[in-house]
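Visitor: Can you look at this prediction? I've put the sequence above it.
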Amino acid sequence: MTTPSNREATAVVVVAAGSGERLGYGMPKARVPLGGEAILTHALRGVAAADVARQICVALPAGDLELRAICEEFRQELGTDGPLVTVVDGGPTRADSVRAALEAVLEGTNAVLVHDAARALTPDRVFHRVAVALSSGAKAVIPAIPVVDTVKMVAETDGDDAGIAPEIVTGTAPREQLRAVQTPQGFDYETLLRAHAAAAHFDDTQSAAITDDAMLVELLGVRVHAVRGASQSLKITTPLDLIIAEGLLEGPLGVRWVEG
Ligand SMILES: Nc1ccn([C@@H]2O[C@H](COP(=O)(O)OP(=O)(O)OP(=O)(O)O)[C@@H](O)[C@H]2O)c(=O)n1
Ligand SMILES: C[C@](O)(CO)[C@H](O)COP(=O)(O)O
């Protein structure tokens, strides 16, 4: 495997400030137990194991002392040799949380990987593919996997059809051109700062339409490269995802069963 060469100027931003509404545990998702430990602990271990950065900057729900304690325990677990772990208060949207963390990266940082804590089982090789592409000159890199379902566009049904079904199909997307996009997403630091600065002025509708960092960079006209992601990097969003993640951890081969 090619080794990323820019570790000393790289930071990984871990966004963990979400509320976890769809998971429905009544607590921030980063705190929800997975295999007996918090989702955030798994995510941080994955980032540290990949060893692509000198700093991990974690965005947490403001005032969440339990998650702060989890970060502190993780610092102790790493000891003095590991990356610097810093914590910031996240914001009301994912993009706000990313922005808050970007302001806290170390002087001299020129590359940032933005990672969802919710993708707690992301394997090293995905971090490496992203970091290597960045070191090779990309300004923006995302991990992506082929889409297995047929994807259609729909609209709310009106007129004569309204009594039949709530939605009507308006088109079918060409599946061979579609990819399901994951994190960590890697960026040239200045480019990502510029992209987020532009988005800070979006109205509520525009902000709601921003679902990842690469979209903001695309809006600047910067080329975004895609490397291979992994099914194992699933975003723990619903109760079913948590069951799958537990299964990955506890299965006979643990998380090692997975595809390349
Ligand atoms: N204001 C926010 C919202 C989301 N996130 C983070 O962004 C990642 C992806 O978000 P998602 O999976 O949607 O998490 P939640 O917002 O917690 O989920 P939900 O929408 O179900 O509440 C998660 O690691 C989440 O913690 C964040 O840091 N700050
Ligand atoms: C960034 C992301 O994980 C890429 O797939 C995803 O868009 C986050 O979406 P969410 O609705 O904030 O979970």
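Guide: In hand now; what should we look at? Ligands and ions are numbered 1, 2, ... in the order given.

Visitor: close enough to count as contact, residue 245 and residue 234?
Guide: Yes - counting by Cβ atoms under 8 Å, residue 234 is a contact partner of residue 245 at 6.9 Å. (Glycine included, C-beta is placed from N, CA and C.)

Visitor: Need the residues touching each of those two.
Guide: When contacts are counted by Cβ atoms under 8 Å, 6 or more residues apart in numbering, residue 245 and residue 234 are jointly contacted by residue 121.

Visitor: quick one: which of those two has more around it?
Guide: residue 245 (23 against 20; other Cβ atoms under 10 Å).

Visitor: list the contacts for the more buried one?
Guide: Contacts were defined as Cβ under 8 Å, 6+ apart; by that measure residue 245 touches 34, 120, 121, 234, 236.

Visitor: looking at it, the second one is touching residue 35, isn't it?
Guide: No - under the contact definition of Cβ under 8 Å, residue 120 does not touch residue 35, with a separation of 9.7 Å.

Visitor: Which parts of the stretch 51-200 of the chain are strands?
Guide: Listed in chain order, the strands found in the stretch 51-200 of the chain under DSSP state E, counting those that start in this stretch are 55-60, 84-89, 111-116, 140-146, 152-156, 167-172, 179-181, 185-188.

Visitor: Looking at those, spot the one closest to residue 194.
Guide: When those are compared for distance to residue 194 using Cβ to Cβ, the nearest one is strand 185-188, at 9.5 Å.

Visitor: Give me the contact list for the closest one.
Guide: With contacts defined as Cβ under 8 Å, 6+ apart, strand 185-188 is touched by 110-115, 130-131, 133-134, 138-143, 195, 212-214, 217.

Visitor: now do 7 Å
Guide: The set of residues external to strand 185-188 that reach it, using Cβ atoms under 7 Å, 6 or more residues apart in numbering, is 110-114, 130-131, 133-134, 139-142, 212-214, 217.

Visitor: and the protein, which of its residues are near ligand 2?
Guide: 94, 116, 181, 182, 183, 211, 212, 235 (Cβ under 6 Å from any ligand atom).

Visitor: quick one: contacts for the second one?
Guide: By Cβ under 7 Å, 6+ apart, the residues touching residue 116 are 15, 183, 235.

Visitor: Which residues of this structure lie near ligand 1?
Guide: Counting by Cβ under 6 Å from any ligand atom, the residues of the chain close to ligand 1 are 15-22, 29-30, 59, 90-94, 97, 116-118, 235, 237.

Visitor: Give me the buried subset of the residues you listed.
Guide: Neighbour-count burial (16 or more other Cβ atoms under 10 Å) applied to the residues of the chain next to ligand 1 gives 15-18, 20, 29-30, 59, 90-91, 93-94, 97, 116-118, 235, 237.

Visitor: which one is whichever residue of the chain sits closest to ligand 1 nearest to, not counting chain neighbours?
Guide: When you check the chain against ligand 1 by Cβ to the nearest ligand atom, the closest residue turns out to be residue 18, at 2.1 Å. Of all residues beyond its chain neighbours, the one nearest residue 18 is residue 29 (5.6 Å), with distances taken as Cβ to Cβ, 6 or more residues apart in numbering.

Visitor: If anything else comes up later, I'll come back, but that's it for now.
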